[in-house]
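A.B. asks: Just the structure for this:
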Amino acid sequence: MRRSLLLALMLLVASPSFAATVADVTMPDSMQVNGKNLVLNGMGLRRKIVKVYVAGLYLPAKETSAEKILSSDTERNVTMQFVRDVEKASICNAWHEGLKNNTPSKASALKGDFDTLCNYMADMKVGNKMSFTYVPGQGTTVAIDGANKGTIAGKDFADAMFGCWIGPNPPGADFKKGLLGG
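C.D. replies: Predicted coordinates for the structure are as follows:
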């Protein structure tokens with residue numbers, strides 16, 4: 001009995017803590033980026049008639065203001081897990097639409113960066129993950145299923161990309177609200 005209790009306590013301490021589950025996708029409550037701890041700010045389910053993906057927004061501290069998040073120059077991450085198969089072309093169209101809808105004044109200047117982002121994309125299957133990690137002075141690193149695809153420099157790009165999810169015209173009000181912890 002004593003050995004079982006000790007083993008159970010060790011497993012609890014060694015296991016990652018999970019903060020939230022949306023559409024059967026569970027994400028950890030924190031992650032390390034550039035030596036800093038980021039916390040799960042919120043999660044949202046992207047729907048386009050059907051469920052497409054679940055995203056989690058990680059920040060140094062909880063924040064409900066999209067404007068404050070985008071104006072700060074600190075580490076941040078969005079991790080997406082797909083709950084539906086999505087072709088690369090559809091993902092790229094969504095990126096360019098998000099740029100146009102949320103950062104129209106910078107759309108032409110950032111089009112080349114968004115084209116580079118599209119080159120990093122791949123057809124996604126159910127369960128595949130994408131992550132986008134911004135580090136000040138380094139840029140935004142794109143990873144698919146844990147494999148780094150590349151880094152795009154500049155805070156302007158990071159703000160425009162994160163703005164696709166939490167900007168003035170996100171892919172859905174409930175989606176944005178979820179990412180902002182609402």
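A.B. asks: C-alpha only now, for contacts and for neighbours.
C.D. replies: Noted.
A.B. asks: and the next element down the chain from the longest strand seen in the chain?
C.D. replies: Determined from DSSP state E, the single longest strand within the chain is strand 36-48. Following strand 36-48 in sequence order, the next helix or strand is strand 50-59 (DSSP states H and E).
A.B. asks: average pLDDT across the helix or strand following that next one?
C.D. replies: Counting by DSSP H and E, the next helix or strand C-terminal to strand 50-59 is helix 66-71. Regarding helix 66-71, the rounded mean pLDDT is 97.
A.B. asks: Repeat that for stretch 168-182.
C.D. replies: Computed over stretch 168-182, the average pLDDT equals 95.
A.B. asks: Tell me the gap between that stretch and the middle of its chain.
C.D. replies: Stretch 168-182 has its C-alpha centroid displaced from the chain centroid by 12 Å (Cα atoms, centre = their mean, to the nearest Å).
A.B. asks: can I have that stretch written out in CSV, keeping just the CAs?
C.D. replies: Coordinates of each C-alpha in stretch 168-182 appear next as CSV, following Å, rounded to 0.1, in the frame of the first residue of the first chain:
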residue,chain,number,x,y,z
PRO,A,168,-10.1,43.0,-35.2
ASN,A,169,-11.5,40.4,-37.7
PRO,A,170,-10.5,37.0,-36.4
PRO,A,171,-11.8,33.7,-37.8
GLY,A,172,-14.7,33.8,-35.3
ALA,A,173,-15.6,35.9,-32.2
ASP,A,174,-15.9,32.8,-30.0
PHE,A,175,-12.5,31.6,-31.3
LYS,A,176,-10.8,34.9,-30.3
LYS,A,177,-12.7,35.0,-27.0
GLY,A,178,-11.4,31.5,-26.2
LEU,A,179,-7.8,32.5,-27.0
LEU,A,180,-8.1,35.6,-24.8
GLY,A,181,-9.3,33.4,-21.9
GLY,A,182,-12.9,34.4,-22.1
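A.B. asks: Report the buried residues of that stretch.
C.D. replies: Residues of stretch 168-182 classed as buried by neighbour count (16 or more other Cα atoms under 10 Å): 169-172, 175-181.
A.B. asks: same check, this time on stretch 82-89
C.D. replies: 82-83, 86, 88.
A.B. asks: Export the residues you listed as a markdown table, with columns for pLDDT.
C.D. replies: Converted to a markdown table, these look like this (pLDDT from 0 to 100):
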| residue | pLDDT |
| --- | --- |
| 82 | 98 |
| 83 | 98 |
| 86 | 98 |
| 88 | 98 |
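A.B. asks: quick one: which two of those are the most distant?
C.D. replies: 83 and 88 (15.0 Å; Cα to Cα).
A.B. asks: Report how many residues lie close to residue 31.
C.D. replies: Neighbour count for residue 31, taken as other Cα atoms under 10 Å: 17.
A.B. asks: Ignore what I typed, I meant residue 47.
C.D. replies: When neighbours are counted by other Cα under 10 Å, residue 47 registers 14.
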